[in-house]
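>>> Predicted model follows, preceded by the sequence.
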Amino acid sequence: EVQLVESGGGLVQPGGSLRLSCAASGFTFSAYRMNWVRQAPGKGLEWVSTIISGDSATRYADSVKGRFTISRDNAKNTLYLQMNSLKPDDTAVYYCAKGYIDYIAPNRAIGSWGQGTQVTVSS
């Protein structure tokens, strides 16, 4: 059974940093691309970042480019998202998702997703 468990969320002031983790089990983690997707209060799902298996190439939404860094540790079956220079607009529940997702309209009913971790950016 695929399991994805996010952690590391919390309350942080604007300009601060957080590192999210996603512990994966039940599948060959190194063989799959992995993603971070977020959902702000009252809004739809927004793709944030993807890391490809193999060469670990990365992709980012324009809204987080230059501030967030996605990475993976295949030995630990763990996905990370380092978030710096956080803004109030980054407030959201952050999900990790396995494999291919629709970057334009992510859908939690398709594929494997974690339960999410809340990130709140506020002074």
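Yep, that arrived.
>>> For Ala92, see how far away Ile58 is.
Just so we're on the same page, residue 58 is Thr rather than Ile. Plainly put, Thr58 is 20 Å away from Ala92 if you go by C-beta to C-beta, to the nearest Å. The way it works is simple: take the backbone N, C-alpha and C, and place the C-beta from them, glycine included.
>>> who has more neighbours, these two?
Ala92 (22 against 14; other C-beta atoms under 10 Å).
>>> bridging residues for the more buried one?
Legend: beta-bridge partners of Ala92 under DSSP bridges are Val119.
>>> and Lys43, that one's in a helix?
No: using DSSP: H, G, I helix; E, B strand; the rest coil, the assignment for Lys43 is coil, not a helix.
>>> Mind telling me what element the residue nearest to Thr120 when sequence neighbours are not counted is part of?
The shortest distance from Thr120 to any residue other than its chain neighbours is 4.7 Å, reached at Leu11 (C-beta to C-beta, 6 or more residues apart in numbering). Element membership of Leu11 [criterion: DSSP states H and E] is strand 10-12.
>>> Buried residues in the helix or strand following that strand, which are they?
Proceeding N to C from strand 10-12, the next assigned helix or strand is strand 18-25, under DSSP H and E. With burial defined by 16 or more other C-beta atoms under 10 Å, the residues of strand 18-25 counted as buried are Leu18, Leu20, Ser21, Cys22, Ala23, Ala24.
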